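> Any chance you can model this:
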Amino acid sequence: MRCLPLTPHTSRFARVNTHDAGKLLWDSSREGVHDPSELRGRLTMDEAVRVQLDVLGRSLAAGERQTGWKIGLTNDAVRAQLKSEAPVHGYLLASRGFAGGQSIDIGSAFKPTIESELCFLLGGDLRGPGVTTADVLDALDAVCPAFELLEGRGDMAADLPLSTADNVRQWGYVLGQWVRPYPTSLDLADVRAEVRQNGNVVVDVLGRDAIDDQVRAVAWLANSLARFDRFLESGQIIMSGSYHGARPIAMGERWETQFSGIGSVTSDFG
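Here you go, the predicted structure:
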């Protein structure tokens, strides 16, 4: 039987040993359990991030390579729905990255969904605290259209910290063609995303109506990671949040999103 050691704490939470919780989540995920009962309702958001980073460390030790980070809960409506005052973040691994235009096998994914996002490439480090939007613009090297692929693991509405510890449901990501150098004159609020499923338009939305200021979101990420002695590194990619709610995907489908002024990303799923 798995057990989770606790250290006494005076708040309504019993403080969790995040190293042991990370091992529990790591072991459980390899058994196909992504929301172990031992952790349900047990984590603060601070502990959740520490568990997430512990699991990341285990992945890297096992031979994975981190390519960057993702930002979630990037609009007011979603944050209100999940009762969160701030975005959340997760990490991206090289083994889960795909190039646009190729067929992706989603047979192993649990309740897979898709989101349309912009992905930024950093050409310089961003070390918080105190990172500003001007700092982010100075560091950006390129931007590309992208998909994030997620799994329906756990219940984010019921236990956002546990979903955060479990890397915010991240399964994979798809990158289109990079626009380089980063067009600093680009007004992200005016970028329109047109999403097609099997050729049919299912989403048509303007950035300002759907998502936070993505440059400001990257600054938030850099400053948030600084609390955990992490920083955004040159060469890393940043998935900056979705233009629409997660949409279920099925084998045999083709998805394409056109971002005005940037380009398109396409994937077939088998």
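> going forward, measure contacts between C-alpha atoms and count neighbours the same way
OK.
> for the stretch 101-250 of the chain, what spans make up the strands?
Secondary structure of the stretch 101-250 of the chain by DSSP state E, counting those that start in this stretch: the strands cover 103-104, 113-122, 140-150, 170-175, 192-197, 200-206, 237-242, 247-248.
> Dump these to CSV, plus distance to Gln52, mean pLDDT and mean neighbour count.
As requested, the strands of the stretch 101-250 of the chain are exported to CSV (distance: least, CA to CA, whole Å; pLDDT from 0 to 100; neighbours: other CA atoms under 10 Å):
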stretch, distance to Gln52, mean pLDDT, mean neighbour count
strand 103-104, 26, 97, 16
strand 113-122, 21, 98, 24
strand 140-150, 16, 98, 25
strand 170-175, 12, 98, 23
strand 192-197, 30, 98, 20
strand 200-206, 32, 98, 15
strand 237-242, 17, 98, 27
strand 247-248, 25, 98, 14
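> right, and Ser116 touches Arg247 too?
No: Ser116 is not in contact with Arg247 according to CA atoms under 8 Å; the separation is 9.6 Å.
> which residues does the nearest residue to Glu194 once chain neighbours are set aside contact?
Spatial nearest neighbour of Glu194, excluding adjacent residues (CA to CA, 6 or more residues apart in numbering): Asp204 at 4.5 Å. The neighbours of Asp204, taking CA atoms under 8 Å, 6 or more residues apart in numbering as the test, are Arg192, Ala193, Glu194, Val195.
> To Ser264, which of the strands of the stretch 101-250 of the chain lies closest?
Closest approach to Ser264 among the strands of the stretch 101-250 of the chain (CA to CA): strand 140-150, 5.8 Å.
> how distant is that closest one from the center of its chain?
Distance, stretch centre to chain centre, for strand 140-150: 11 Å (CA atoms, centre = their mean, to the nearest Å).
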